[in-house]
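Q: predicted structure and sequence below. I'll ask about it afterward.
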Amino acid sequence: LQYPAASSSLPGPQFVPVPISIPEPAPQELEDARRAIGALPIEKLLLEDEDNDTILHIYAAKGLRAHTLAAAERMKALRRLDAKEHRGKTPLLVAVTARQAAIVHDLIQAGADVNAVDNKGQSALHLAATYGYAQVLQVILSLGFPLDLEMKDFEGHTPLHCAVLAHNSLLRDQGSQALTEEQHRELQQQSRELESCIHLLVQTGASIYSRDVKSNKTVLHYTVQDGNVSLLRYFLELNAFKSKDFVNNKAHGNTALHMAAALPGDKNQREIIQLLLDHGADPSIRNLDNDQPIHMAPPGKAGDQVRHLLKKGKVTPAFISC
C-alpha cells in the first residue's frame, strides 16, 4: 500500500511547539463510522492484507478520519493499535507519512505509541522531519507526550539530522539548471517547510551538538559539506560561542573547517570559511593525516584565495584562555 501525502485544510505551522488547533471530527460522520466499525466481526477487523496492512493502516493512509478513529477505538481494546505492516509502520507512522495531521492527533490521543519505529528505526519525528511536514511535526510536539528528541534511526541520525540532510538535498535540487519555474517554487516551499521543522525541533529541545553514529558528524558538518550557508549561520548563531568544541569537533578526523577548505568554489566556500573563522574555528588543528585546513585547499587561483583566508584566520579571542 502506498501512502501519498494528502491535502489538508488545517492551519499551517506556527514556528513554536504550542498546541495547534485541530477541529473535532464531524459528529454524524463519527457516529456512522462507529456504527459501521462496531458491526465488523473481530476476524475482519484484525485481517491483514498481503502487505500486512490492517483496516486501520488503510483508513489512516486514505485520510478517512472518522473511520480511522472508530477503528482505533476498537483496535486499542484488542491491543492492536500499534500493529505493524510489512515495512514496520504502525498506523500512526502511516498517518505521518501520508501527511494526515488530524489523524496523527487522533491516534496519539487514542494511545498510539508516539515513539514507535519502523524497520529503518524511524519514529514519527524522523518521518515528519525527513518529509518536511511541519504541521504534522507541530501536532506531535505539542500534545505533551514524552518524546525522545535524540532517538537515532538505524543510520544513526536524530530527527534534527534528518531535517538538515533533507534541506541539503533540496538545496542540491534547487541548483539544477533544468528546473521549470513551477518546480522552483515547489522546492522553495518545501525548503521553507523543512526550515520550520528545524526551528520547531530546536525550540522543543533537540540538540545541535548530537553526533551521528556512523561518521561522528553534527549538524554543523552536514551544513558545511553541502555548502548550506543559511543553516550554517543559523546553527553557529545558536551556539553563539557557548561551546568552542562545536565549531572544532572532528568527524572522521576532519573539522568543519577542513571540510570547508576542500569544498568546490561554487558551494559558497569562501563565505563558509569566513563564517567558521568568525565563530572560532581553529585553522591550526590537524586531521588524521596531519593536514591543517590550509592543506585541503584545491590547487590554482581558487585555492590561493582560500589559503589567503586561512592564513589570516585566528582563533577568536572569546576562545583564548586568560
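A: Arrived safely, thanks for sending.

Q: so where's the stretch 151-300 of the chain uncertain?
A: Scanning the stretch 151-300 of the chain for pLDDT under 70 picks out 241.

Q: what ranges do the helices span in it?
A: 159-174, 181-204, 219-225, 229-239, 244-248, 256-261, 269-278 (DSSP state H, counting those that start in this stretch).

Q: check which helices and strands the third one sits against.
A: Going back to what we said before, that points to helix 219-225. helix 159-174, helix 229-239, helix 256-261 (3 or more Cβ pairs under 8 Å, 6 or more residues apart in numbering; DSSP states H and E). Placement of C-beta: from N, CA and C, glycine included.

Q: between helix 181-204 and the first one, find me the angle.
A: Spelled out, that is helix 159-174. Orientation check (axes from the mean of the first three to the mean of the last three Cα atoms, to 10 degrees): helix 159-174 against helix 181-204 gives 160 degrees.

Q: ok, and what's touching helix 159-174?
A: If you take Cβ atoms under 8 Å, 6 or more residues apart in numbering as the criterion, helix 159-174 is touched by 122-123, 125-126, 128-132, 149, 151, 153, 157, 179, 184, 187-188, 190-191, 194-195, 197-198, 201-202, 206-208, 210, 212, 219, 222-223, 225-228, 231.

Q: what of the shortest one?
A: Applying Cβ under 8 Å, 6+ apart, the external contacts of helix 256-261 come out as 220-221, 224-225, 247-249, 251, 269, 272-273, 276-277, 281-283, 285, 287, 291-297, 306, 310.

Q: one more: the second one?
A: Helix 229-239 is touched from outside by 164, 167, 195, 198, 202, 208, 219-220, 223-224, 246-247, 268, 271-272, 275-276, 279, with contacts defined as Cβ under 8 Å, 6+ apart.

Q: redo that, cut-off 10 Å
A: 160, 163-164, 167-168, 171, 191, 194-195, 198-199, 202, 208-209, 218-220, 222-224, 226, 228, 245-247, 256, 260, 267-268, 271-272, 275-276, 278-281 (Cβ atoms under 10 Å, 6 or more residues apart in numbering).

Q: picking up where we left off before, out of the helices and strands packed on helix 219-225, which one sits most buried?
A: Compared across the helices and strands packed on helix 219-225, helix 256-261 shows the largest average neighbour count, a mean of 28 (mean count of other Cβ atoms under 10 Å).
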